[in-house]
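Participant: Sharing a sequence plus its predicted fold:
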Amino acid sequence: MKLTAWRVALRIARRDALRAKGRSALVVAMVALPVLGVAGADVVFRSAQLDPGEAVARSIGRADLQIDSLGGGLTVLQAPDPDEGTTVDSPKDGARLTPEQQRSQDTDPATLARQLLPAGSTLIPVGSGPWVSTSTRDGLSKVQTEEADLADPVWQGRITVLDGRPPAAAGEIAATRAFLDDARLAIGDRTTFSVLPGKPYTITAAVEFPGRLRTDTLIGRPGDLVPALKAAAGTEQDKGAGAYEQTRWLVKLPAGASVDWAKVKELNSYGFSAASRSVILDPPARSEVPYFLAQDRYGGGGSYFDRTSVVILATVAGMALLEIVLLAGPAFAVGARRSRRQLGLLAAGGGDRAHVRAVVLGGGVVLGVTGAAVGLVGAIGLVALLRPQAEQYAGSRFGHFDLQPADLLGVMGIGLVTGLLAAVVPAVQASRQDVVAALTGRGSLKPPSKRLAVLGLLMVGGGAALALLGSTSGVGSHTTAVLGGSMIAELGMVALAPFLVGLFGRLGRVLPLGPRLALRDSVRHRGRTAPAVAAVMAAVAGSVAVGVYSASSAEQGRREYVASAPTGAVTLATGWGSAADGALLPQLRGAVESNVPDLGPRADVLGVSFMGDCQAGQSVCGQVDISIPKERRCPADDPDNATGPNGSVTPSPALDDPRCIRHRNYSSTGFGEIPAGDAGVLRNLYGVKDQAAEQALAAGKAVVFDPLYLKDGKITLDLTEAVIYDEPSGTRSPGASPRASASASASASPSPSAPAAPRASASPVAAGGVETVAPSPTAKHVPADGSPLTSRPTVHHLSVDAVLATSSVAGSKAMISPATAAALGLGTAETGSVWLPAKASGSSSIQRASAAVAKVSDGVRFDVERGYRSTTDLITLGLTGFAALVALGAAGIATGLAAADSQRDLTTLAAIGAAPRIRRTLSGFQCGVIAAMGAVLGTICGVVPAVALRKVQALGGAYPGMSPGEAASRAVVVFPWATMGITLVVLPLLAVGLATLLTRSRIVLLRTSG
């Protein structure tokens, strides 16, 4: 066709679009919605992507370099920007340290950094303090603490002062906007840390971290905040006393100096990671980065198009575009039907089939471009309007408002292609119509093509197989397999639609007059029924796919959820460090019981310790655990397979060994792996109401909750001897600890806090025998820098009689009575309490109790087990409702298409005296038939992508060595029968009702043609 012919076709299409404003607006909206979503996502993504200058400013402010000491004696592998990836290589067992590793182990990190950096470099400490509780307007809140001189320009870009002035005197701090909003405080207010009750701090500035908007942080002047918190009683949260050792610095280099990639690699060899401004702005080639080479060698990244998020995103986007095409297609078909006589006149006047096709395709071009333009402008405007909300939701500021012309033109192309694809089938059908039939208004009925039906059946089977099998078997990329297979299957169902419409027509013989006429009319005019059914099918398929995927994800979450106590149980655990002091328990229990009514009987839980209580922060402490019988252990986790003196285990190549499959997850309760208590603890904490188990507990036996640990009526307790953590010092070599004498006395004489190790000559007790692996306990020294142990800790094995109890709670592996613990030579101390109310406690009372508990102690764990709560139910319901609205709209379009062809039938009914009710019923059931057929076919189509994506998601969580088949078998697939039933039943009924009510009874009599 010549260009002038296309100009005429586009003018006719524009005129028709303006004549049928309602139908045109509907198509424009269908095209604009995906363009709006894609363009908005592109603008947000591009704006959130930081250019190198913006990224380095957020990372290191105006400094030239940031270095982090990751530990003496280590070697670091990093990306040019360490935020993109950093790994640490520890010395191999038995291997000599390199000169760099030895030097880093023997030298203080700050001193070593000054020696390695250019002379004249200035190191500015990045003071990161502990998480502590501080006062708010309503009580207490946990915050992160840091130190920085915000008046120094070096922090600009990393920390932004929004309001007020930087702290300038002692007792002044800056607070992030997120903290001020949560705490309901303002500049000028005071806040007091719970560990420093007599020293309030005045807030002088509101600040934010541009890359971490939601962080609750208080920033003090250097030397004014973190040392005071460290010195306060109870702030040490780690056993190692070096918890707050300075390990990070911003560096200002002298004029003319820089740190290039070679210097960064040198720093890496001494255990430092380095973010250099010059390296980030001008990164080296990938082949020069050892970190990337190691990732490639071990297959770290995998194919980008095999990543679970990419597969899901591509599948959703592709299926959404296909849905838009199938939904908009009937709208163009309606226009072609209503313009039938006009198109016939065009053909009669000398136009060929190409001209007729061009007119209908011109409508696709006009409406596609209009919809794309509307969606594009709307996307840019919405992102600009909602930018603050988008930044808060993402937790990060945009680098700049970035509009990429190439991206946006491509998005507009999507709208144009969508309009053209939607108009292709109606254009072909319009060009093939008989000219005389078009001019006289007579229809031509053709039987469905058997070849098309066979092709559709093959496409459905092949597409489903490609999506379901290719999602895990590696047929091409997973994205291509899932998206391509799902689209092929849905298009195959579209090709099958005319044949299936004929099968549905056979139900007409058992239906009353109205539905029988509607079904007969749908079968006779399959050319218009099939695309209408395809439109409804596309909408329902999207709804079903979302429903199946969401329900399956929720079920998997429900199965993997590990409850820490029976549903409704209220637990109080004393926590770690100074909070583990049992002296506070009476006050804590009173705080709970006075604020939460109807708690029921209280059960007190005791922690079990060996050679000191680690939970109480004692310098010398052992470990009590339960071991799996050797024949049931995964080889990769068997300590007997240790290859080095520090107890490292060589991973087994047979990771598909059934013994390596984790059958049960455990949830931390704060009471330890093996707590002690009475029958009340058994009921309240584990939900076990078994009289036999209670009697066995009282008789001195252990109660175990996992059969994996039980063999021949016994379990084995592993008692690992004490480990001493050295105090930090300028050197990093292990040596005599000031606590050595304390450890020696602790291991020599039993006490409630540090009982002696069990002796091999101990007489058997009722609970079981004692087997000592080593002759005497010897405390092991661990340097504060985390260097490896020089020998394996000694482990004692105790065989204890036990019984199995079934519990849905996985908070601990087993429990014993206090008497049994004492008989075994183990120490016990009260660590908390648990209540099991008859009905769930109210939220307000729990909040009051939490506030009261926080006022007593900072490190207490207070919790209520609410059970698994799915967050997808409302999402599924909302998406199902949205899909139902889309399906109703598609059914309405289909009814309009049917009405364009049914005027002659309606006229005949009026001529023979049919009541208006019959005419409305016919129109309603025409809509209902289309909605019912589309719902059935859409339900079938929607299952394919949902199941395939679940398999891809399961494969994404596979561990090395897991076969694809095993990974796929871990995918849980659940069908939401309730929502699917609503779609299959309620949607057609609703379509019938709405179409019946909205159909006009008055009939315009047509002239007799021919």
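Facilitator: All right, it came through fine. Numbering: from 1, shown residues only.

Participant: can we go C-alpha only for contacts and neighbour counts from here?
Facilitator: Fine.

Participant: Can you give the domain ranges for the protein?
Facilitator: Following automatic domain parsing, one finds the domains of the chain at 65-297, 500-561+869-1010, 605-634+660-830.

Participant: closest one to residue 20 among those domains?
Facilitator: With CA to CA, the closest approach to residue 20 among the domains of the chain belongs to domain 500-561+869-1010: 12.5 Å.

Participant: Mean confidence (pLDDT) on that closest one, please.
Facilitator: pLDDT averaged over domain 500-561+869-1010 equals 73, rounded to a whole number.

Participant: Between its first and last residues, how far does stretch 975-995 reach?
Facilitator: End-to-end distance of stretch 975-995: 30 Å, with CA to CA, to the nearest Å as the criterion.

Participant: Please identify the buried residues of that stretch?
Facilitator: The neighbour-count check on stretch 975-995 (16 or more other CA atoms under 10 Å) flags 975-976, 979-980, 983-984, 987-995 as buried.

Participant: Residue 867 and residue 154: what is the separation?
Facilitator: Per CA to CA, residue 867 is found 48 Å from residue 154.

Participant: The two: which is more packed in?
Facilitator: A count of neighbours by other CA atoms under 10 Å puts residue 154 above the other of residue 867 and residue 154, at 21 against 16.

Participant: Specify the local secondary structure of the residue nearest to the more buried one when sequence neighbours are not counted.
Facilitator: Nearest residue to residue 154 in three dimensions, chain neighbours excluded: residue 62, at 4.5 Å (CA to CA, 6 or more residues apart in numbering). Using DSSP: H, G, I helix; E, B strand; the rest coil as the criterion, the local structure at residue 62 reads coil.

Participant: give the contact list for residue 62.
Facilitator: With contacts defined as CA atoms under 8 Å, 6 or more residues apart in numbering, residue 62 is in contact with 153-157.

Participant: got those as a markdown table, with pLDDT, secondary structure and distance to residue 45 columns?
Facilitator: Formatted as a markdown table, the contacts of residue 62 follow (pLDDT from 0 to 100; DSSP: H, G, I helix; E, B strand; the rest coil; distance: CA to CA, whole Å):
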| residue | pLDDT | secondary structure | distance to residue 45 |
| --- | --- | --- | --- |
| 153 | 89 | helix | 30 |
| 154 | 88 | helix | 28 |
| 155 | 90 | helix | 26 |
| 156 | 87 | coil | 24 |
| 157 | 86 | coil | 21 |
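
Participant: Pull out the buried members of these.
Facilitator: When neighbours are counted using 16+ other CA under 10 Å, these contain these buried positions: 154-157.

Participant: can you map out the helices along the stretch 501-650 of the chain?
Facilitator: In the stretch 501-650 of the chain, the helices defined using DSSP state H, counting those that start in this stretch lie at 513-524, 526-560, 585-593.

Participant: same for the second one, what does it pack against?
Facilitator: Applying 3 or more CA pairs under 8 Å, 6 or more residues apart in numbering; DSSP states H and E, one finds that helix 526-560 contacts helix 308-338, helix 478-505, helix 872-911, helix 916-956.

Participant: Now with 10 Å, please.
Facilitator: For helix 526-560, the packing partners by 3 or more CA pairs under 10 Å, 6 or more residues apart in numbering; DSSP states H and E come out as helix 308-338, helix 405-432, helix 478-505, helix 513-524, helix 872-911, helix 916-956, helix 977-981.

Participant: Please apply the same query to the shortest one.
Facilitator: Using 3+ CA pairs under 10 Å, 6+ apart as the contact definition, the elements that helix 585-593 packs against are strand 570-573, strand 827-835, helix 843-856.

Participant: Check which residues of it are buried.
Facilitator: Within helix 585-593, the residues that count as buried by 16+ other CA under 10 Å are 585, 588-589, 591-593.

Participant: correct me, but residue 109 touches residue 73?
Facilitator: No - the criterion here is CA atoms under 10 Å, and residue 109 misses it with residue 73 at 11.2 Å.

Participant: which residues does residue 503 contact?
Facilitator: The neighbours of residue 503, taking CA atoms under 10 Å, 6 or more residues apart in numbering as the test, are 497, 523.
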